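>>> The following block contains a protein sequence and its predicted model.
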Amino acid sequence: MSNAYLSKVLEQVKQNNPNEPEFLQAVKEVLSTVEPVLDKHSEYEKLAILERLVEPERIIIFRVPWVNDKGEILVNRGYRIQFNSLIGPYKGGLRFHPSVNQSIMKFLGFEQIFKNALTGLPIGGAKGGSDFDPKGKSDTEIMHFCQSFMAELYRHIGQDVDVPAGDIGVGAREIGYMFGQYRKIRNAYEGGVLTGKAICYGGSLARKEATGFGLIFYVREMLKAHKDSLQGKTVTISGSGNVAIYAAQKAMEYGAKVVAMSDSNGCIYDYKGIDLDLIKQIKEVERGRISEYLNQHYDAIYTERTSEDSPIWEIKTDIALPCATQNELTLNSAKKLVENGVLAVGEGANMPCTQEATDYLLEKGVLVAPAKAANAGGVATSAIEMSQNSMRFYYSFEEVEAKLDRIMVNIFKACRENAEQYGCPGNYVAGANLAAFKKLAEAMVAQGVV
Ligand code: NDP
Ligand code: 2IT
């Protein structure tokens, strides 16, 4: 980084946010690519554009007490990072996972600002969640936790203020329990306050599928720009949650063969192609472990995860889709993928590649679909859910999917054009950051110092 303003801000961010490695990583990744815009706009320093972007508008931290089935009282920590409302109400998911802390919440909130700007829809950036571990909890325990979480969160959100949705550990079941509690407290049906709702009370068709489908639409466009396609390609997908499952489904529809999926314990490899109906049964219905796949497919192979390098990236593949969590694809894994001839990596999860892994993949000419662009289909469809709620009207599945497809095509186009315009053709990581940053900076200038 040769721009003095950039280096100064990065140093400040380091000093002001000690012990927040994920947040620092996300900021560094963005700042390292926006230099050409800053070189063109020397006035941005005087306007403190970067200093304002890296500081959340508000951080809310709260106690979440709840009672488990044994009658024991437990306390978790809840978060909502209202990062930026420049271009719309705060918008972003809620994550329930024991690893949740302020650094992870802030990195996700920061990424969300740029992702949401790329969708072209009026949504600001936010993230929230809790260090609550949903694994092994009964349905009643999940409900009690969600109700207690919402008993505090309700006062900070609203359909024109802040609109949470799902993320790791939060799906339609949790959104339903939170919506019920919100509705009861507010004594009003405000449909657009949460997205990812079930279809029966205000959800959007295709929201469940949207992030995974959108990822594949983006990868399709990226391959097309390089005169290639998904047809006949081998695909490996980490995770077996919401994003992974629907990425697998759409990849298969385009003629690709998905041979491996995983969860936090390990990965399965099925040379015949993954039986996705069985994965849905194990994960969406039974909430079980992916190793149970072998109970029905005796010739599949299960490999336990024993280190930070996931065994799934050792498998030879044309296209790798990390769809589990941050920093799940390390430099070691990137080297393995390149050794095995990988063509493209599509980030379904948020920040799944470490910075070293991304740099290595780009250096080796692998196509990288960056998370904030490639997984934006989920939040974009959330915005479509909000607009349906405002209109008190519903679109068909096909209508929503067509809108999502168009949005992903436009996001890819913005990434490609910006990468070309700023002298790094084919680098969609930089292209995404540049496209989003330009829009946000322009909006900040227009709205004055607030
Ligand atoms: P789910 O909870 O549905 O699934 C998460 C999957 O990732 C599970 O298979 C889980 O395995 C695995 N996983 C989670 N944490 C870890 C970890 N620390 N180490 C290894 N594996 C892990 O979540 P989603 O599919 O919704 O989210 C997946 C990723 O996609 C996240 O990064 C999320 O931020 C991102 N994302 C989600 C969107 C959405 O609309 N849902 C939109 C855009 C991005 P296990 O069950 O063993 O924990
Ligand atoms: O990371 C993400 O974009 C999400 N978890 C979806 C957020 C949303 O508001 O739909």
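Sure, I can see it. Numbering: from 1, shown residues only. Ligands and ions are numbered 1, 2, ... in the order given.

>>> can you tell me the residue of the stretch 51-200 of the chain closest to ligand 1?
Residue nearest to ligand 1 within the stretch 51-200 of the chain (CB to the nearest ligand atom): Ile168, separated by 4.0 Å. Using the backbone N, CA and C atoms, a C-beta is placed for each residue, glycine as well.

>>> ok, now the chain?
In the chain, the residue that lies nearest ligand 1 is Gly241 (1.8 Å; CB to the nearest ligand atom).

>>> I figured the residue of the stretch 51-200 of the chain closest to ligand 1 hits Thr325, correct?
Yes: assessed by CB atoms under 8 Å, Ile168 is found in contact with Thr325 at 6.7 Å.

>>> For the two, work out which one has more neighbours and name it.
Neighbours per residue, other CB atoms under 10 Å: of Ile168 and Thr325, the larger number sits with Ile168, 24 against 19.

>>> Can you give me every residue that contacts that one?
Residues in contact with Ile168 (CB atoms under 8 Å, 6 or more residues apart in numbering) are 95-97, 241, 325.

>>> Check Glu152 too.
So Glu152 contacts 62-64, 78 (CB under 8 Å, 6+ apart).

>>> Would you mind giving the residues you listed as CSV with neighbour count and distance to ligand 1 added?
Output for those, formatted as CSV (neighbours: other CB atoms under 10 Å; distance: CB to the nearest ligand atom, whole Å):
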residue, neighbour count, distance to ligand 1
Phe62, 17, 21
Arg63, 10, 24
Val64, 22, 19
Gly78, 24, 17
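
>>> Going by distance to ligand 2, which of those wins?
For the contacts of Glu152, the nearest to ligand 2 is Gly78 (16.5 Å; CB to the nearest ligand atom).

>>> what about that closest one, which SS state?
Of the three states, Gly78 takes strand under DSSP: H, G, I helix; E, B strand; the rest coil.

>>> Which residues does it form beta bridges with?
Beta-bridge partners of Gly78, counted by DSSP bridges, are Phe62, Ser130.

>>> I figured it hits Phe145, correct?
No: using CB under 8 Å, Gly78 is not in contact with Phe145, being 9.9 Å away.

>>> where do the contact lists of those two overlap?
Common neighbours of Gly78 and Phe145 are listed as 64, 130 (criterion: CB under 8 Å, 6+ apart).

>>> shaky segments in the stretch 251-400 of the chain?
Within the stretch 251-400 of the chain, no range satisfies pLDDT under 70.

>>> ok, for Arg237, nearest residue in space, not its chain neighbours?
Residue 237: Ile, not Arg. Leu321 (4.5 Å; CB to CB, 6 or more residues apart in numbering).

>>> That neighbour belongs to a strand, doesn't it?
Yes: with three-state DSSP as the criterion, Leu321 is located in a strand.

>>> Contacts only, for it.
With CB under 8 Å, 6+ apart, Leu321 has these contacts: 215, 219, 235-238, 244, 247, 251, 345-348.

>>> give me the residue from the stretch 201-350 of the chain nearest ligand 2.
Per CB to the nearest ligand atom, Asn350 is where the stretch 201-350 of the chain lies closest to ligand 2, at 5.4 Å.

>>> What residues does that residue make contact with?
By CB under 8 Å, 6+ apart, the contact list for Asn350 reads 107-108, 111, 325-326, 371-372, 375.

>>> Which positions in the stretch 151-300 of the chain make contact with ligand 1?
The stretch 151-300 of the chain comes close to ligand 1 at residues 166-169, 211, 239-244, 263-265, as judged by CB under 6 Å from any ligand atom.

>>> what does the stretch 1-150 of the chain give?
Counting by CB under 6 Å from any ligand atom, the stretch 1-150 of the chain comes close to ligand 1 at 97, 99.

>>> how does it look with 8 Å?
93, 95, 97, 99, 108, 115, 135 (CB under 8 Å from any ligand atom).

>>> Can you lay out those residues as CSV showing secondary structure?
Formatted as CSV, those follow (three-state DSSP):
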residue, secondary structure
Gly93, strand
Arg95, strand
His97, coil
Ser99, coil
Leu108, helix
Lys115, helix
Lys135, coil
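
>>> Mind putting the residues you listed into TSV with neighbour count and pLDDT?
Shown next, in TSV, are those (neighbours: other CB atoms under 10 Å; pLDDT from 0 to 100):
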residue	neighbour count	pLDDT
Gly93	25	98
Arg95	24	99
His97	19	98
Ser99	12	98
Leu108	30	99
Lys115	28	98
Lys135	11	97
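
>>> which among the residues you listed gets closest to ligand 2?
Nearest member of those to ligand 2, counting by CB to the nearest ligand atom, is Gly93, at 2.9 Å.

>>> my guess is that closest one contacts Gly125, does it?
No: counting by CB under 8 Å, Gly93 does not reach Gly125; the two are 11.1 Å apart.

>>> Not counting sequence-adjacent ones, nearest residue to Leu10?
The spatial neighbour of Leu10 that comes closest, neighbours along the chain excluded (CB to CB, 6+ apart), is Leu31 at 5.6 Å.

>>> Test my guess that the one you found contacts Val9.
Yes: with contacts counted by CB under 8 Å, Leu31 reaches Val9, the gap being 6.8 Å.

>>> Now do the shared contacts for these two.
Counting by CB under 8 Å, 6+ apart, the residues touching both Leu31 and Val9 are Leu50.

>>> Okay, and the beta partners of the nearest residue to Arg58 once chain neighbours are set aside?
Nearest residue to Arg58, sequence neighbours excluded (CB to CB, 6+ apart): Gln82, at 4.3 Å. Note on Gln82: beta-bridge partners Arg58, Ala126, judged by DSSP bridges.

>>> how many neighbours does the residue nearest to the residue of the stretch 201-350 of the chain closest to ligand 2 when sequence neighbours are not counted have?
Residue nearest to Asn350 in three dimensions, not counting chain neighbours: Ala371, with 5.2 Å by CB to CB, 6+ apart. Look at Ala371: counted by other CB under 10 Å, it has 26 neighbours.

>>> Check Glu141 too.
By other CB under 10 Å, 18 other residues sit near Glu141.

>>> Now name the helix or strand holding it.
Element membership for Glu141, per DSSP states H and E: helix 139-153.

>>> Does the helix or strand following that helix reach ligand 2?
Sequence order places strand 162-165 as the next helix or strand after helix 139-153, per DSSP H and E. Yes: contact of strand 162-165 with ligand 2 (CB under 8 Å from any ligand atom) involves 163-165.

>>> between the contacts of Leu321, which is closest to Glu308?
Closest approach to Glu308 among the contacts of Leu321 (CB to CB): Ser238, at 12.9 Å.

>>> which bits of the stretch 1-150 of the chain sit near ligand 2?
The stretch 1-150 of the chain comes close to ligand 2 at residues 91-93, 95, 108, 111-112, 115-116, 123, 127, as judged by CB under 8 Å from any ligand atom.
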